[in-house]
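Peer 1: Need a 3D model of the following:
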Amino acid sequence: IKASESTILIQGENGTGKELIAKALHFGSVRKKERFIVVNCGAFNENLLESELFGHVKGAFTGADKDKAGLFEAADEGTLFLDEIGDTSLEMQVKLLRVLQDGTYRPVGSNEIKKTTARIVCATNKDLAQLVSEGIFREDLYYRLNVITLRSPSLRERLDDVPLLIDNFIEKFAIKFATKRKEVSKNCLK
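Peer 2: Modelled structure (predicted):
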């Protein structure tokens with residue numbers, strides 16, 4: 001998957017490591033020397049998200065006192081990780097669809113069409129197929145995002161990983177606090 005240029009959709013509950021998977025895909029790919037940029041789509045209102053992603057020109061809105069490059073431009077030749085893609089509005093979904101279809105976008109307030117070669121990796125904790133059936137998520141965008149899908153299972157589905165994680169954290173804390181490495185008894189792990 002990391003060698004593919006296809007759009008990737010990572011699905012899983014909060015806290016399951018979706019961003020770590022996205023980083024592993026980027027840093028294991030030929031794009032590893034380029035930028036890896038993360039944006040949480042649910043953290044911005046629609047207008048601000050549009051400006052963050054596509055940029056804007058001076059005078060496009062109140063407070064736009066200079067041109068600003070968007071994240072699609074900043075991530076050109078690298079990877080743009082769109083976290084919580086399921087939280088975007090239908091209007092924003094139309095704009096994202098254009099970028100996914102042909103790599104073009106228009107900065108807010110501009111007549112100029114720009115192009116990006118950024119690889120798009122998306123993540124969500126929502127069931128996008130269900131959102132499509134409810135009319136909350138665009139079906140055409142869903143199929144553009146759902147080229148390669150990875151599911152990040154919760155820790156309760158990966159109980160065999162718990163001892164590995166405990167060992168990893170003990171090692172990190174021993175190094176961080178310059179203390180002797182502690183061990184966890186087998187009874188404690190049961």
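Peer 1: And for residue 38, the neighbour number?
Peer 2: Using other CB atoms under 10 Å, residue 38 is surrounded by 16 other residues. C-betas here are computed from N, CA, C, even on glycine.
Peer 1: How much space separates residue 162 from residue 168?
Peer 2: Relative to residue 168, residue 162 is positioned 11 Å away (criterion: CB to CB, to the nearest Å).
Peer 1: Repeat that for residue 134.
Peer 2: In this view, residue 134 and residue 168 are 39 Å apart by CB to CB.
Peer 1: State the pLDDT value of the residue lying closest to residue 127 once chain neighbours are set aside.
Peer 2: Among residues not flanking residue 127 along the chain, residue 11 sits closest, at 7.8 Å (CB to CB, 6 or more residues apart in numbering). For residue 11, the pLDDT comes out at 97.
Peer 1: contacting residues for residue 11?
Peer 2: By CB atoms under 8 Å, 6 or more residues apart in numbering, the contact set of residue 11 is 18, 123, 124, 125, 127, 128, 149, 150, 151, 152.
Peer 1: Which residues does it form beta bridges with?
Peer 2: Counting by DSSP bridges, residue 11 forms beta bridges with residue 124, residue 151.
Peer 1: distance of it from residue 148?
Peer 2: 11 Å.
Peer 1: Same check on residue 161?
Peer 2: For residue 161 relative to residue 148 (CB to CB), the value is 23 Å.
Peer 1: re earlier: okay, the contacts of residue 11 in CSV with neighbour count and pLDDT next?
Peer 2: Formatted as CSV, the contacts of residue 11 follow (neighbours: other CB atoms under 10 Å; pLDDT from 0 to 100):
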residue, neighbour count, pLDDT
18, 25, 96
123, 26, 97
124, 23, 97
125, 18, 96
127, 13, 95
128, 22, 96
149, 13, 95
150, 16, 96
151, 11, 95
152, 19, 95
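Peer 1: Number of residues surrounding the residue nearest to residue 30 when sequence neighbours are not counted?
Peer 2: Setting aside the residues directly before and after it, residue 30 is nearest to residue 3 in space (CB to CB, 6+ apart), at 7.4 Å. Using other CB under 10 Å, residue 3 is surrounded by 8 other residues.
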